[in-house]
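# sequence isn't available, so here's the structure alone:
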């Protein structure tokens, strides 16, 4: 039975595990002013994420007691100041979900361990390279949508200005109909003469 055996051991002693957690949390808080993320193994990222979420929730309410609790976990006065002065106020309206763990495609070179991106959830954030939610993919889809709406507006405008049916204009705009307007007018004249 596994009663009262919670958490991951990460193949380390308890003191090594505590030091690892402290160093990762410290590095993650420091990256608030830098890249906004750290890259580590997926297991370590999932191990550290709940601890960081609790720290950020703690920093939303700046009291002496909360500052002392954060100091006991991180142990660096400058990092705790960044946590309470910048990160806490930024997430003051957000009830949770301050961080994200994304699995990276490429494994670590040394031992082929699965790597992960542990980053803050921000409105101005950049996603790691290869993520489908990156701004480049969203901007491309926005350009395609904008082009399609412009084409539809052009079809409607040209349909209102002429007596031709909308279907024929749409085919010409889409390029499906290979006949030009001159050839179409010659064809209309040819159809009218036999009648």
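Arrived safely. None of the values given here were measured: they were computed from a predicted structure.
# just the pLDDT for residue 115.
Confidence at residue 115, expressed as pLDDT, is 96.
# not counting sequence-adjacent ones, nearest residue to it?
With Cβ to Cβ, 6 or more residues apart in numbering as the criterion, residue 115 has its nearest non-adjacent residue at 4.4 Å, and that residue is residue 104. C-betas here are computed from N, CA, C, even on glycine.
# in stretch 22-37, what's buried?
In terms of neighbour count (16 or more other Cβ atoms under 10 Å), stretch 22-37 has its buried residues at 22, 24, 25, 26, 28, 29, 32, 37.
# contacts for the one helix or strand residue 54 maps to?
Residue 54 belongs to helix 42-59 when elements are defined using DSSP states H and E. Helix 42-59 is touched from outside by 7-8, 10, 20-21, 24-25, 28-29, 40, 66, 69-70, 73-74, 83-84, 87-88, 91, 96-99, 101, 103, 113-118, with contacts defined as Cβ atoms under 8 Å, 6 or more residues apart in numbering.
# any idea which helix or strand comes after it?
Elements were assigned by DSSP H and E; along the chain past helix 42-59, the next helix or strand is helix 64-74.
# how about the strands of the chain, start to end?
Taking DSSP state E to define them, one finds strands in the chain at 37-41, 99-103, 115-120.
# return the helix or strand in this structure with minimum mean pLDDT.
Confidence across the helices and strands of the chain bottoms out at helix 181-192, with a mean of 54, counting by mean pLDDT, DSSP states H and E.
# hang on, the earlier thing: tilt between the helix holding residue 54 and strand 37-41?
Relative orientation of helix 42-59 and strand 37-41, computed by axes from the mean of the first three to the mean of the last three Cα atoms, to 10 degrees: 140 degrees.
# report the mean confidence score over helix 42-59.
Helix 42-59 comes out at a mean pLDDT of 96.
# and for stretch 18-30?
Average pLDDT, stretch 18-30: 96.
# let me see the domain layout of this structure.
Under automatic domain parsing, the residue ranges defining each domain of the chain are 14-127, 137-192.
# buried sites along the helix holding residue 54?
For helix 42-59, burial by neighbour count (16+ other Cβ under 10 Å) applies to 42, 44, 45, 47, 48, 49, 52, 55, 56, 57, 58, 59.
# next, the angle helix 64-74 makes with that helix.
On the basis of the same axes, to 10 degrees, helix 42-59 is oriented at 160 degrees to helix 64-74.
# now the angle from helix 42-59 to strand 115-120?
Using the same axes, to 10 degrees: helix 42-59 against strand 115-120 is 10 degrees.
# okay, angle between helix 42-59 and strand 99-103 too, please.
170 degrees.
# what does the pLDDT read for the closest residue to residue 119 other than its chain neighbours?
Nearest in space to residue 119, with sequence neighbours left out and distances taken as Cβ to Cβ, 6+ apart, is residue 37 at 3.1 Å. What the model reports for residue 37 is a pLDDT of 93.
# so residue 37 sits against residue 117, correct?
Yes. Residue 37 lies in contact with residue 117 (Cβ atoms under 8 Å); the separation is 5.4 Å.
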